[in-house]
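From the sequence below, what's the structure:
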Amino acid sequence: MPYIRKSFAGAAALSMAVLMGSTSAHAIQVTGGASGQSLADTLFLNVPGLTVNSVTLSGFGDQFGTYTNQSGTYGLPSQGIVLSTGNVNDYSSGDNTQDGFTTAFGDEFEGGENPASAAQEGLLDPITGGGFDHFDVAQLTISFDVAEGIDSVTFFGTFGSEEFPEFVGSEFVDGFGLFVNGQNVAFVNDRPINIDHPDFLGAVPTDGDDGGIPDFPNDGPVFEVAAVNLVDDGGDGEVEPGPDPDPVTLEPGDPRLVLVTGTELDGVLAPDVNPVLRFDVPVSTGANVFDIIIADTSDHSLDSVIYLSSFLPTEVDLNDGGTEFTPLLPASQDEETGTFTFDLPETLDLEEVFFIDPPVAVGYTYEVTDAEFKTIVAPSLAVVPDSDGYTIEIDGQVFTLLPGGSLDVSGLGASEFVLTGIDEALLLDPANFLAFPLGVALQNLTQGTLPTLSQTPITVDVPSPVPLPAGLPLYIAGILGFLGLRRLTRA
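You can find the predicted model right below:
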């Protein structure tokens, strides 16, 4: 029964809220109660070649919403949709106030706990292990047409749960599925997405009070961020953390801790400490049906949440600067200094954030003439899987910029800044194309003069090209030949 589960939920859960003091600048903002059409429009925003025909929702209104993410919580892209087994309005950025947060729909004393339909059970059973009943189901079904020439789309999201870690290995195995034409495509390391996945992460302190959400001082304990596999402690109905074969030990303040914190959720699925999941989804020319489904398992307690960003087709125009997926490419490079120069279109609103994309290095010096920098936006983890974040230096002042994060520099009057901290592993062979799209907005533009924007790479010598790590987002497969003319590794 739900109230029994709540009574011991704090005994084993070590919530990620212990680190929320370092994440207050992050800003997922959820707006609940979205209509089906609004969800579809947000998910398919700026996606040429996909036409929505119909949308169906199954669930309660507060289980569906849209989000904006201007400051990069979880490293997610800047906008998308949210589905939850609870109330999506509870999962904006903020403190983790409880280790067992719940909104239940339906009345268990008057006919059940909002049970799944037979068709929904058929979708959910393979995800959660089979044999369990499911409740508080949120399902979004979109029928859409695909134009010729597009055979796949790319999707990014973050899945998290209040079930983690205390109910891993139990019957309360909440799960999420992404079905295209009846086939589930939501897998991470060949496993379906549920709270039993070994790549689920929480911030687990190695000391302190484990009876609730501990409050550690700034010089407090070391944390282990790793998959927390749980084992039964011997028959009292509770489970305890089991040994982890390869924990990642981090000190308080390490930016990687921030990547798995930021909302009420106690844990997120984050392989390689990257909570942004990528799904390359096959589609067929003509009619397609897309189902997103998430559910509580075995009861309707303890919420789970999926954040989803927009689909992107494999063939889009890179060179408009409007999103991190469609950045402006350099127009030229100085052979002597290595400096890249960008042609800024007159149609671009330079006082709003736009993205530029040079070849990858370990850092850059950015300069602008006839204007000043107002905002700097790091690429999200969906594009550049560099979880350590970056350092920005302006006139001797040093700032930390996390993946997807935004830095307001409007008060500094800066026409130049230096970004460092790009992982050396991103110095790739030119055949392995990986973008580093940085967003900037300008201010104090000289009237009647189009600014000149340039950046000079900071490089290191590497003995040989670094192989492309598995799973990096090589989006836009149809333009590799074009990019081959532009992507240069300076070593």
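
List the contacts of Q139.
For Q139, the contact set (C-beta atoms under 8 Å, 6 or more residues apart in numbering) comprises 57-59, 120, 291-294. (Glycine included, C-beta is placed from N, CA and C.)

Look up the closest residue to the residue nearest to the spatial centre of the chain, ignoring the ones flanking it.
Ranked by distance to the mean C-alpha position of the chain (C-alpha atoms, centre = their mean), the top residue is L76 at 2.9 Å. Closest residue to L76 apart from its sequence neighbours, by C-beta to C-beta, 6 or more residues apart in numbering: N69 at 5.1 Å.

Quick one: neighbours of that neighbour, just the number.
N69 sits with 28 neighbouring residues when counted by other C-beta atoms under 10 Å.

Could you do V180 as well?
Neighbour count for V180, taken as other C-beta under 10 Å: 20.

cool, E352 as well?
12.

where does the residue nearest to L76 fall, phi/psi-wise?
phi -140, psi 70 (degrees, to the nearest 10).

Give the bridge partners for it, please.
Here N69 sits in beta bridges with I28, going by DSSP bridges.

I'd say it and I81 touch.
No - at 11.7 Å, N69 and I81 do not qualify as touching, with contact defined as C-beta atoms under 8 Å.

Mind naming the longest helix for this protein?
Taking DSSP state H as the criterion, the chain has its longest helix at helix 118-128.

continuing past that one, what's the next helix or strand?
Later in the chain than helix 118-128, the nearest helix or strand by DSSP states H and E is strand 134-146.

quick one: V440 and G149, what's the gap?
Counting by C-beta to C-beta, to the nearest Å, the gap from V440 to G149 is 32 Å.

more neighbours, these two?
Neighbour count, other C-beta under 10 Å: between V440 and G149, V440 has more, with 22 against 11.

Determine the three-state secondary structure at the more buried one.
Following DSSP: H, G, I helix; E, B strand; the rest coil, the label given to V440 is strand.

and it, what does it touch?
Contact analysis of V440 by C-beta under 8 Å, 6+ apart lists 353-354, 356, 366, 373-377, 453.

Just the ones of the residues you listed in strands?
Counting by DSSP state E, those place 354, 356, 366, 373-377, 453 in strands.

Out of those residues, the closest to D133 would be?
Of all these, V377 has the smallest distance to D133: 44.0 Å, by C-beta to C-beta.

That closest one against P403, yeah?
No - in terms of C-beta under 8 Å, V377 does not count as a neighbour of P403; the distance is 10.4 Å.

neighbour-wise, which of those two wins?
P403 (27 against 23).

and the more buried one, what helix or strand is that in?
Going by DSSP H and E, P403 is not in any helix or strand.

Once you drop chain neighbours, what's closest to it?
Nearest residue to P403, sequence neighbours excluded (C-beta to C-beta, 6+ apart): G75, at 4.0 Å.

Let me know whether that neighbour touches V383 as I believe.
No - here G75 lies out of contact with V383, judged by C-beta under 8 Å, at a distance of 9.3 Å.

Give the burial count for G122, as a bare number.
Neighbour tally, G122, other C-beta under 10 Å: 10.

Hmm, I typed the wrong one, I wanted A147.
Neighbours of A147 using other C-beta under 10 Å come to 13.

Quick one, grab the pLDDT at it.
What the model reports as pLDDT for A147 is 89.

if I pick it, what's in contact with it?
Going by C-beta under 8 Å, 6+ apart, the list of residues near A147 reads 48-51, 285.

Kindly recompute the last result at 7 Å.
Counting by C-beta atoms under 7 Å, 6 or more residues apart in numbering, A147 touches G49.

how near is it to D370?
Noted for A147: a distance of 41 Å to D370, by C-beta to C-beta.

Do you have the helices of this structure handy? List them.
Using DSSP H, the helices of the chain run over 2-7, 9-12, 36-43, 118-128, 255-258, 480-484.

Quick one: end-to-end distance for stretch 331-349.
Across stretch 331-349, the terminal residues are separated by 19 Å (C-alpha to C-alpha, to the nearest Å).

nope, stretch 401-417 is what I was after
13 Å.

contacting residues around that stretch?
69-72, 75-76, 255, 258, 365-368, 372-381, 386-387, 389-390, 392-395, 399, 443.

Averaged pLDDT, stretch 33-44. What do you get?
Summarised as a single mean, pLDDT over stretch 33-44 is 92.

Kindly report the same for stretch 278-294.
92.

where in the stretch 151-300 of the chain is pLDDT low?
Confidence mapping of the stretch 151-300 of the chain against pLDDT under 70 gives the ranges 203-258.

ok, which stretches of it are strands?
For the stretch 151-300 of the chain, the strands defined by DSSP state E, counting those that start in this stretch occupy 152-161, 175-180, 183-184, 187-188, 191-194, 200-205, 223-227, 230-232, 239-241, 248-250, 267-269, 277-282, 286-297.

And those: which comes nearest G33?
Closest approach to G33 among the strands of the stretch 151-300 of the chain is made by strand 286-297 (16.8 Å; C-beta to C-beta).

re earlier: if I pick the residue nearest to the centre of the chain, what's in contact with it?
69, 156, 158, 276, 307, 309, 380, 382, 404.

One more pass at 6 Å, please.
Counting by C-beta atoms under 6 Å, 6 or more residues apart in numbering, L76 touches 69, 158, 276, 307.

any idea how far stretch 266-282 is from the chain center?
7 Å (C-alpha atoms, centre = their mean, to the nearest Å).

Run through the stretch 351-491 of the chain and note the low-pLDDT ranges.
427-434, 461-491.

now with 90?
Filtered on pLDDT under 90, the stretch 351-491 of the chain yields the residue ranges 353, 355, 357-362, 379-389, 402-406, 423-437, 448, 457-491.

per-domain residue ranges of this structure.
As given by automatic domain parsing, the domain ranges for the chain are 2-313, 332-484.

of all those, which lies closest to F325?
Nearest to F325, of the domains of the chain and by C-beta to C-beta, is domain 2-313 at 5.5 Å.

Distance from the chain centre to stretch 401-417, please.
Averaging C-alpha positions (C-alpha atoms, centre = their mean) puts stretch 401-417 21 Å from its chain's average.

er, stretch 451-461 I mean
That offset, for stretch 451-461, works out to 27 Å (C-alpha atoms, centre = their mean).

if we look at it, which residues are touching it?
Contact partners of stretch 451-461, identified using C-beta under 6 Å, 6+ apart, comprise 338-342, 344, 361-371, 490-491.

Show me which positions of stretch 148-156 end up buried.
Judged by neighbour count (16 or more other C-beta atoms under 10 Å), stretch 148-156 contains these buried residues: 150, 152-156.

Sorry, slip of the keys, the one I care about is stretch 409-426.
Within stretch 409-426, the residues that qualify as buried are 409, 414-419, 421-423, 425-426, counting by 16+ other C-beta under 10 Å.

among those residues, which two are most distant?
S415 and A425 (31.2 Å).

Identify the residue nearest F399 in space, chain neighbours excluded?
Among residues not flanking F399 along the chain, I392 sits closest, at 4.4 Å (C-beta to C-beta, 6+ apart).

Number of residues surrounding that neighbour?
Close neighbours of I392, defined as other C-beta under 10 Å, add up to 21.

show me what contacts it?
Residues near I392 by C-beta under 6 Å, 6+ apart: 399, 401, 417, 419.

From those, pick the one nearest D196.
Checking the contacts of I392 against D196 by C-beta to C-beta gives L401 as the nearest, at 34.3 Å.

Please report how far the nearest residue to P385 once chain neighbours are set aside lies from V383.
Nearest residue to P385 in three dimensions, chain neighbours excluded: N274, at 5.3 Å (C-beta to C-beta, 6+ apart). Using C-beta to C-beta, N274 is found at 12 Å from V383.
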